[in-house]
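1. Starting from these lines, generate the structure:
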Amino acid sequence: MINFIEEALAAMVSDSSQSVREAAMAAMDRVRAKRSFDRFRVLLKGGTLSDKVHVVYAAGEMADGEGVALLLDALSDKDEIVRGIAVRALLPFPTPAVLKALWEMLPKENGVVLGNIIEVLGASGRKELSPHVERYLSHPEAEVRAKAVIAVSRLTDGPGWEKILALREDKNEMIRAAVANGLGNWTSSRP
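-> Model (predicted):
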């Protein structure tokens, strides 16, 4: 079947419509990445930083179970860059398995990786995560606090808004900008 799919996509690359050609080329890239799954897993385990970053980006493009599996594997990489990119690539996949893996990373991470985890948790829309994300509103790192403001604004239905509003005069402009952006997430269906 995979050969038939590749042949169909190869034919579609010469379609008269540019949007069809672009979609076919992107699909061909994803199919090639899937064929490379085992090789990607080996690179993720023992490749160079550049190899690992390439694998993480390719896994994010796969947009399926194999890609998510590779991204979950990348979460345990020793390099913060790889983990941070993998977390960001998981943003469109807020499945229970992904959220659980990210949740387990929270106490071990800081900096960019922690901020990315908070961002993904906020984007998940899982309101039960709000109290856990709220504690990062007072994190010492401004980037983490800013991501927490946006995340809480996406998750909160009540007192969380007061906590966000309390930061509107923060000394750090990144926090104040996050508050302004977060306030844009308010809807009339929320208290």
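
2. from here on, contacts and neighbour counts on C-alpha atoms
-> Noted.

3. Ala178 reaches Ile150, doesn't it?
-> Yes - Ala178 lies in contact with Ile150 (C-alpha atoms under 8 Å); the separation is 6.2 Å.

4. When those two are compared, which one has more neighbours?
-> It is Ile150, of Ala178 and Ile150, that has more neighbours when counted by other C-alpha atoms under 10 Å, with 26 against 23.

5. Tell me which helix or strand that one sits in.
-> helix 142-155 (DSSP states H and E).

6. now for that helix, which elements pack on it?
-> Helix 142-155 is packed against helix 111-123, helix 130-134, helix 160-165, helix 173-183, with contacts defined by 3 or more C-alpha pairs under 8 Å, 6 or more residues apart in numbering; DSSP states H and E.

7. which parts of the shortest one are buried?
-> Buried residues in helix 130-134, counted by 16 or more other C-alpha atoms under 10 Å: Ser130, Val133, Glu134.

8. Just send those residues back as a markdown table, with distance to Leu43 and pLDDT too.
-> Below are those laid out as a markdown table (distance: C-alpha to C-alpha, whole Å; pLDDT from 0 to 100):
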| residue | distance to Leu43 | pLDDT |
| --- | --- | --- |
| Ser130 | 36 | 91 |
| Val133 | 33 | 94 |
| Glu134 | 37 | 93 |
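
9. of those residues, closest to Ser50?
-> Distance to Ser50, by C-alpha to C-alpha, is smallest for Val133 among the buried residues of helix 130-134, at 31.7 Å.

10. after the helix ranked longest in the chain, next one along is what?
-> Assignment by DSSP state H gives helix 18-35 as the longest helix of the chain. Using DSSP H and E, the helix or strand that follows helix 18-35 towards the C-terminus is helix 37-46.

11. in the helix or strand following that following helix, what's buried?
-> Per DSSP H and E, helix 37-46 leads on to helix 49-62 as the next helix or strand towards the C-terminus. The neighbour-count criterion (16+ other C-alpha under 10 Å) identifies Lys52, Val53, His54, Val55, Val56, Tyr57, Ala58, Ala59, Gly60, Glu61, Met62 as the buried residues of helix 49-62.

12. Fine by me, we can end here.
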